[in-house]
Structure formats: structure tokens, C-alpha cells
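Colleague: Okay, sequence plus prediction incoming.
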Amino acid sequence: MKDQIQIYIVGSGYVGLVAAACFAEIGHRVVCVDNDEAKVQMLREGGVPIHEEYLPELLNRHRANRVEFTSDLKSAARAAQAIFIAVGTPQSETGSADLSYVDAVASEIARSIGDYKVIVEKSTVPVYTNEWIRKVVERNGVPQDLFDVASNPEFLREGTAVVDFLHPDRIVLGAQTERAAAVLRAIYEPLTSGAYYRVDHAVPGPRTSDDPPPVLLTTTKAAEIIKHASNAFLATKISFINVVANICEEVGADVQDVARGMGLDSRIGPKFLRAGIGYGGSCFPKDVAAFRHVAEQMNVDFGLLEEVEKINAEQKRRFFQKVRSALWTFRGKKIAALGLAFKGGTDDIRESPALEIVEMMLREGALVRAYDPAAAARASEMIPAGPQMRYMDDPYEAARDADAVVILNDWQEFAELDLPRLKKTMHFPIIVDGRNLYAPQVPLELGFTYISIGRPAAHGLTVSVERAGSDLRRPAMQARAFVPPRIAPLVGCETQTGTLARSEGA
Ligand code: UDX
């Protein structure tokens, strides 16, 4: 791999830390700065504050030589050729992104500029942030020829962040000058030339030296919009399939067949069509709100995103109602809640639909025994353990004497439960699966009542869902009446009911 570049990253959260480890992995020297002294100390001593596959290995590999941690922004920034801003952009009260951290960091960086630097936005920010950063740096007395501001959005998913970084679908570089573009190109050259994938210790993933990631060079504004629009589009896809799932439930069709049928159309694609309990996490809810706010500011009507948010909120309520109707009431019922993080593969509980549903069950008097392979410690800071809420060390302990097991996120472990063993420990064999981890006939044949999302309820069990303006509530144990198809099936169109438990990785 060619030139080593001195990179400086401000912020050691998910994006900053993963970027630091991965830039070091592809040969650069990285200084990662954070104003949280305790975190810096922990990282120096070999600790890793987040649960992320390959991250501990990469940090161990490079800590001694290529990655350093500091809380001293100014002195470290002096030697850097590129300074990446990867600080938080939380949601403000109006829904817009709160850019006060970016603002503060830009002023501080300005004070350390002595020779040419590229300042790169890595945080998800609204369009025009780039220009604001440029203004802030200029106001602090830095002449225009000593810096450029560029945008290099990151598309990593928690849980697979390292692989996403090193094997990206695309690398988006938003730059206004050729010299800024040249620095960014040089940084990613080990990936774009394919050289990294030939290295012995390379982290495995879909990219190879024959199929390196493409680079898209754009203006900074386009790069900023690409990030917001991508996240908003993915959230829209999820809300869309969730509504389709609700229609499937009403007519007795299987949403997974529908999603597969849609996804085989190459214009739609199979990913992000898993129906569930709604999206969560630190990005989608915040970015949909922020993008909607950007549209508002530009006087553009983007009511579609409001609907996306509304559907997402409704999906959680609807699932909760499903659990309730399987149990009749919550008071005094023992529920095994499998999953606390916003999805499997992470310990992140920010905007977790799983946690929200646990809270709803607790409010109605349920006794919750929760298990998550990684997120229990964080969850217990939000919902402390007590007589009503207990955190368990394994799913079978959580299910002991339970009136129902409720699956709330998609850890692989939950898709591979020893169902006969689970059944033996439970009081009633009811599984309410918010992530469609099982082919319904599997638990059904073992004698479970199995309720999932957008698929006919197994065991003749129908789930009641309250409808606005209607008092219609079907009791849970009532058999679903046969619903005749309203449209004649297409002749010669074969359908196949799959037995796949999971349609796609997280
Ligand atoms: C997301 C984007 O995918 C990533 O590109 C961006 O950089 C950050 O935000 P992340 O928040 O880690 O990543 O999670 P992701 O895997 O995208 O899932 C987001 C939420 O959507 C989760 O709650 C997940 O369970 C849910 N989801 C995802 C579905 O309900 N159905 C799907 O088909 C996919």
C-alpha cells in the first residue's frame, strides 16, 4: 500500500472509532481525539467502549504503532494532513440536527492550522454544513488557501461497521477543489485500488482486489444530501414493508413471500424489506427527522417522511397490542423479552423499539425477564432491575415459567433457540416474534402458538389490533375466518412458501 497519510479524527464514538481503526488498518497514521478523558484513558489501556466485530482486533493490532488516543485537540491537529469531524449531531427539539459540537470543533481546529489541511465532515450533517464549517474556520482568521472543507459520509451499520467500512458499496467524496479531492483519494487508495484485499490479514468481506469499491466524486452539497437521502430512503423501505405486512396479516398472506417477490425485481432489491417492529437506532429516527427539517427549511413539501415516522410509531404500538391480545392482560403475566438492543449484533439501545416495548409491558403490570447477548448492562441504566424487571444470563432462564416469549430483536442466537427446551421451561408455549425469525411451521409443529409479523398466525390464533374509530377487537383464541382472495390468482404463476428464517443479515 502506498503513501501513509497523517489523519486526525475528532470524536471517538461509533463512526470515529471505527474510522480510526480502519484507516490504520489500511496503512495510515491516526490520532483519535475525544474530550471524554475517561474514554481516552480506557482506549489507551486497550479497552473498547462499544461492541463491534473486529474492532478490538484492529485496535490491538495498531494501537502501538498507528493509532493514538488523546484529549489534546490542538497539538495533535498540527501534524495532520486530513482532519475528520466525527462528533455527534443529535436531534434538537425542532427535529433538526444539533450542530453545536461541529461548530465548537471547527473553531478549535481553526486555531491549530499552520499549513494546508483538509477538514472532512464524517458525521451525518444537513446540506450546507460544509459551508458553515468553512465560514467558522475563516472567521477564526485562517486564510482560504490553507484549508478546504470536504464531505465523506459514512454508511456503516452497527454490528458490521468494520466490514462496512473496509468493504463499502461505494465511497462518496464531496470536494470543491482538486487538492482536497487528491488527499481524500489518496486516503482511500488502498481500498479503491484493491491493494488492501490482497493483504494476508485483511478483514474478510464481499470486496476483492478484482472488485474494489467505486468512488463517487461529487460536490460537497451532493455528498451531504446523499447521506441523508440514503438513510431516509432505507427507513421508507422499512415503513413500506411494515404496512404491507399489516395488509398481509389482514388477508392471510405471508409478507416474506411478498417481500421476496418484490425484492427479486432488480429495481427494488431484496434488502431492507424485513417487516418487524419498526426501525430504531441512533441514525434512522434522527436522520429522517433532520432530512424532513431540511426540506421544510427549503420550502419543499416532504410529507412522505412524516408518514414514514407515523407508520414506524404505529408499528410498535401494533406489535404491543398483538402481545396483549395473546395474553389478554399484562398484569402479573411473566414475559420473557428476548432482545433489548435496537437490533441484533450490537449493544446499542438508542431509540430501541425493543426497549420501548419492554417499557410498555412494564407500564401495564407485566413481570419482564429480559435477555440480550450484549445490551443488558446499557439497558439496566435505562430500566433498572427490580421486582418487575430482571435481567437474565440466558434465554432459557428468561423463559422459565413464562406466559409468553417475546422476540424483540434479531440476534442470530434467537433464530437458533432450542425450541423443545424452551417449551419445557415455559408456563404457556406462546412465542410472539417481532422479527420473523422462524418459519411458522417449525414452532407450530412443536406445539407452540406462534405469532409473528405479516404472516398468518399459527395455531388458528388470530390477533386483534385496535383500529382507530372502531371498537372491533377479536379475542386472541378465535379462529381466523377464511378470507377469499378478491383477485383471481394469475394462471401459471407459481408461488413457493419458503422456510427461511432470516431473509438477510442485519
Ligand atoms: C443505519 C444505516 O444502515 C447505515 O448505512 C447508516 O450509516 C447508519 O444507520 P444502523 O442504524 O446501524 O445503520 O442499523 P440498520 O442495520 O440499518 O438498521 C436500522 C433499523 O432498521 C434497526 O432497528 C433494524 O432492526 C431495522 N430494520 C432494518 C428493519 O426493521 N427491517 C429491515 O429490513 C432492515
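Modeller: Right, received. Where do you want to start?

Colleague: The ligand contacts on the stretch 201-350 of the chain?
Modeller: Taking C-beta under 6 Å from any ligand atom as the measure of proximity, the stretch 201-350 of the chain contacts the ligand at 231, 234, 238, 272-274, 276, 279-281, 283-284, 342-343. Yep, even glycine has a C-beta here, placed from its N, CA and C like the rest.

Colleague: For the closest residue to residue 209 other than its chain neighbours, grab the count of nearby residues.
Modeller: Computed as C-beta to C-beta, 6 or more residues apart in numbering, the closest residue to residue 209 that is not its neighbour in sequence is residue 194, at 3.5 Å. Neighbouring residues of residue 194 were enumerated by other C-beta atoms under 10 Å; the total is 16.

Colleague: Same check on residue 444?
Modeller: The local packing of residue 444 (other C-beta under 10 Å) involves 16 other residues.

Colleague: what about it, which helix or strand?
Modeller: helix 441-445 (DSSP states H and E).

Colleague: Point out where the chain drops to low pLDDT.
Modeller: Low-confidence segments of the chain (pLDDT under 70): 1-2, 457-506.

Colleague: Enumerate the residues of it near the ligand.
Modeller: Residues of the chain lying near the ligand (C-beta under 6 Å from any ligand atom): 154-158, 231, 234, 238, 272-274, 276, 279-281, 283-284, 342-343, 506.

Colleague: now the end-to-end length of stretch 425-439.
Modeller: Start and end residues of stretch 425-439 are separated by 22 Å (C-alpha to C-alpha, to the nearest Å).

Colleague: In it, which residues are buried?
Modeller: Within stretch 425-439, the residues that qualify as buried by neighbour count (16 or more other C-beta atoms under 10 Å) are 425-426, 428-439.

Colleague: Now find how far off-centre that stretch is within its chain.
Modeller: The chain centre lies 24 Å from the centre of stretch 425-439; the measure is C-alpha atoms, centre = their mean, to the nearest Å.

Colleague: count of neighbours near residue 14?
Modeller: Per other C-beta under 10 Å, the neighbour tally for residue 14 reads 23.

Colleague: Is residue 269 within a helix or a strand, and which one?
Modeller: Using DSSP H and E, no helix or strand contains residue 269.

Colleague: Surely it and residue 263 touch.
Modeller: Yes. Counting by C-beta atoms under 8 Å, residue 269 touches residue 263, with 6.0 Å between them.

Colleague: Same drill for those two, tell me which one is more crowded.
Modeller: Ranked by neighbour count (other C-beta under 10 Å), residue 269 and residue 263 place residue 263 first, with 17 against 12.

Colleague: distance of the more buried one from the ligand?
Modeller: In this view, residue 263 and the ligand are 10 Å apart by C-beta to the nearest ligand atom, to the nearest Å.

Colleague: Nearest spatial neighbour of that residue, chain-adjacent residues omitted?
Modeller: residue 270 (3.0 Å).

Colleague: quick one: the one you found from residue 438, how far?
Modeller: Here residue 270 is placed at a distance of 19 Å from residue 438 (C-beta to C-beta, to the nearest Å).
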